[in-house]
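Asker: just the structure for this:
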Amino acid sequence: MTRLAGTDGVGVVSSRIPQQPAAESGPHRTELDARLSAELASVVSGARRRALRDGDKQIDTAHLLHSLLESDPEVRAVFDSGPQVARLLGYLVQRSIGYGLRWQGTVEDSGAVPMVAEAGWSPAAAGAMEEACEWAGLRGDERARGVDLLAAVIVDPQSRAVEVLGRAGVDAGVLLVRIQAGFQEQVGGGDMGS
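Answerer: Okay, the predicted model is just below:
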């Protein structure tokens, strides 16, 4: 029997697209998904696709940041300028060919948030997703938006997203102050914490 290119040896064509982690289902993930705006759910899907394309076993905070910057105008507005966002995207694109290679095969866990056993997500990214919902609650919103996730991602100074921001010359503390100021305007001056 002749073996066809791309087959498993018995004539069945095997998919070259990595399978989505099983962690994307289950009661915890379903409950969290219900608390996300449609826009943020799209950001999460983009981060998941990026992780699969990069060959990463987990979505991390850098995947989330990349997807936020690509798809959420409200998030981009928090930054100083278009060139700053372009520089950040340049660093994020280099992940698979540059400095991000040292992240391959490692788990993003800065210890800033309790270890969350959520397959398919780094502990830092899973914690940021939960915290984004808390930020939304502080604003009085039932569903988290992209800016909530950005705030949650940059609160952890040891996250990969904060490392990328630093490499691009972006001060995560300044971003957090801008986000908090915007939230305070929305809720009438309440304390947003950090």
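Asker: from now on I want contacts and neighbour counts done on CA atoms only, so please keep to that.
Answerer: OK.
Asker: give the next helix or strand downstream of the one helix or strand in the chain whose mean pLDDT sits lowest.
Answerer: Ranking every helix and strand in the chain by mean pLDDT, DSSP states H and E puts helix 27-33 at the bottom, with a mean of 62. Sequence order places helix 38-54 as the next helix or strand after helix 27-33, per DSSP states H and E.
Asker: tell me which residues in that next one are buried?
Answerer: Under the neighbour-count criterion of 16 or more other CA atoms under 10 Å, helix 38-54 has Leu40, Ala41, Ser42, Val43, Val44, Gly46, Ala47, Arg48, Arg49, Arg50, Ala51, Leu52 buried.
Asker: how about low-confidence regions in the protein?
Answerer: Counting by pLDDT under 70, the chain shows low-confidence ranges at 1-30, 95-119, 187-194.
Asker: repeat the analysis, applying 80 as the threshold.
Answerer: Across the chain, residues meeting the criterion (pLDDT under 80) sit at 1-33, 94-119, 184-194.
Asker: all strands of it, in order?
Answerer: Assigned by DSSP state E, the strands in the chain number zero.
Asker: contact partners for the residue lying closest to Val75 once chain neighbours are set aside?
Answerer: Excluding its sequence neighbours, the residue lying closest to Val75 (CA to CA, 6 or more residues apart in numbering) is Val147, at 5.4 Å. By CA atoms under 8 Å, 6 or more residues apart in numbering, the residues touching Val147 are Glu74, Val75, Ile179.
Asker: filter these down to the buried ones.
Answerer: By 16+ other CA under 10 Å, those give Val75, Ile179 as buried.
Asker: can the contacts of Val147 go into a markdown table with extra columns for distance to Asp171?
Answerer: What follows is the contacts of Val147, written out as a markdown table (distance: CA to CA, whole Å):
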| residue | distance to Asp171 |
| --- | --- |
| Glu74 | 18 |
| Val75 | 15 |
| Ile179 | 13 |
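Asker: which of the buried residues of helix 38-54 sits closest to Trp135?
Answerer: Leu40 (13.4 Å; CA to CA).
Asker: can you pull the contacts of Gln186?
Answerer: Contacts of Gln186 (CA under 8 Å, 6+ apart): Arg139.
Asker: that one and Leu138, how far apart?
Answerer: 10 Å (CA to CA, to the nearest Å).
Asker: same deal with Leu92?
Answerer: Taken as CA to CA, the span from Leu92 to Leu138 is 30 Å.
Asker: the two - which one has more neighbours?
Answerer: More neighbours surround Leu92 than the other of Leu92 and Leu138, with 23 against 18 (other CA atoms under 10 Å).
Asker: surely that one touches Ala62?
Answerer: Yes - if you go by CA atoms under 8 Å, Leu92 and Ala62 touch, sitting 7.3 Å apart.
Asker: list residues touching both of the two?
Answerer: Val164.
Asker: show me which of the buried residues of helix 38-54 is closest to Cys133.
Answerer: Of all those, Cys133 sits closest to Leu40, with 10.9 Å by CA to CA.
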